[in-house]
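Colleague: any chance you could fold what I've pasted below:
(chains A and B)
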Amino acid sequence: GQNIDQPTEMTATEGAIVQINCTYQTSGFNGLFWYQQHAGEAPTFLSYNVLDGLEEKGRFSSFLSRSKGYSYLLLKELQMKDSASYLCAVRLNSGNTPLVFGKGTRLSVIA
Amino acid sequence: EAGVVQSPRYKIIEKKQPVAFWCNPISGHNTLYWYLQNLGQGPELLIRYENEEAVDDSQLPKDRFSAERLKGVDSTLKIQPAELGDSAVYLCASSLAGLNNEQFFGPGTRLTVL
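Modeller: From the prediction side, this is the model:
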């Protein structure tokens, strides 16, 4: 089976930095995605890593280590609107194959 | 440009009743996915279409669930009869053909079975 682990909940303070970790053990690997999902809304794409290293996009960065089966999402200068669930997902094969999702990390940003 | 459209957004039915969900993907997206998302969980794939062909339906409970994508555009997902355990959010997503294209999700249909 496929196993993708991430913390269930995290709390951080407005203006701070938070790192959400994701570890995976899957039968294949062709990229790791991070999605943001506000309550009652669609998941929206944040980042994609297929090679080792850090991808930076504004306040959000994502890191991947394929040898360790590990990724993290880094959120800087936290804002209240960043309160949401963050989903880690692995694509097992190439092409438009489905994503295997973790359970998501619910982030609460407090004043 | 409109994103993935789903309707209805909410549906409440009694168990044993039938229910259908509709999805209109982003124009030009050949690949369409139906995912199920339970509360506090990540989405799980039910079925994937490449144009009008279902290429991956291994996770679809075929005794009660069915789906179609006539003409390779809109898609419907049906449950008949619904059970209490089917209460969840049903997400539709679409993507362009080709390698490693991002999946765009619709807002989902929240189903409650009483």
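
Colleague: ok, A:Gln2 touching A:Cys88?
Modeller: No. Using Cβ atoms under 8 Å, A:Gln2 is not in contact with A:Cys88, being 11.9 Å away. Where C-beta positions appear, they are placed from N, C-alpha and C, glycine not excepted.

Colleague: more neighbours: which of those two?
Modeller: In this view A:Gln2 and A:Cys88 are compared by other Cβ atoms under 10 Å in any protein chain shown, and A:Cys88 has more residues nearby, 28 against 13.

Colleague: so where's the chain uncertain?
Modeller: No chain specified, so I'll use chain A. In the predicted model, chain A carries pLDDT under 70 at residues A:95-96.

Colleague: wait, chain B
Modeller: Looking at chain B by pLDDT under 70, you get B:1, B:98-100.

Colleague: which bits of chain B sit near chain A?
Modeller: Contact residues (Cβ under 8 Å from any Cβ of the partner chain) of chain B with chain A: B:3-4, B:30-31, B:33, B:35, B:40-45, B:48, B:50, B:56, B:91, B:95-108, B:110.

Colleague: buried members of those residues into PyMOL, please.
Modeller: Buried subset of the residues of chain B next to chain A, written as a PyMOL selection, criterion 16 or more other Cβ atoms under 10 Å in any protein chain shown:
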select buried, chain B and resi 4+30+31+33+35+42+43+44+45+48+50+91+95+103+104+105+106+107+108+110
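
Colleague: fine by me, we can end here.
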